[in-house]
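> Give me coordinates for this.
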Amino acid sequence: QLQLVESGGDLVQPGGSLRLSCLASGLSLDIYAIGWFRQAPGKEREGVACISRSGRSINYADSVKGRFTASRENTKNTAYLQMNDLRPEDTAVYYCAAEWTTVQSVCRLDWTFATWGQGTQVTVSS
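Predicted coordinates:
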């Protein structure tokens, strides 16, 4: 059974950067598309980025385009979310999620992701 653990959340000043990691165990990550999501207090969960199995297709929410970069290292069973130019509105619990797929180069944020991590807190504040 696949398990996911996020790390890298922290308190950072506006304009700062963080890199989140999503470490998979139990199964090989390379048969899963990976989604990154976030949820702020009192708000609905929001899809942030989605990266295909091959890593060649990445989709971003408009709110993070140009600032966030999703990547993955299948040999390390790890996915990453590099977040630059962070803003107070980026404050949220960030989750990674995995969805098994036979398609190498597609990932959509509107998919139903079956496996979720526990989340990591990102706080952007001066």
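> Report the separation between the residue nearest the centre of the chain and Ser126.
In the chain, the C-alpha nearest the mean C-alpha coordinate belongs to Trp36, at 2.5 Å (CA atoms, centre = their mean). Relative to Ser126, Trp36 is positioned 25 Å away (CB to CB, to the nearest Å). C-beta coordinates here come from the backbone N, C-alpha and C atoms, glycine included.
> just the strands in the chain please.
Counting by DSSP state E, the chain has strands at residues 3-7, 11-12, 18-25, 32-39, 46-51, 58-60, 68-73, 78-83, 92-100, 115-116, 120-124.
> out of those strands, deepest packed?
strand 32-39 (a mean of 24; mean count of other CB atoms under 10 Å).
> Direction included, what does that strand pair against?
Within its sheet, and counting by DSSP bridges, strand 32-39 is paired with strand 46-51 (antiparallel), strand 92-100 (antiparallel).
> and the angle for it with strand 120-124?
50 degrees (axes from the mean of the first three to the mean of the last three CA atoms, to 10 degrees).
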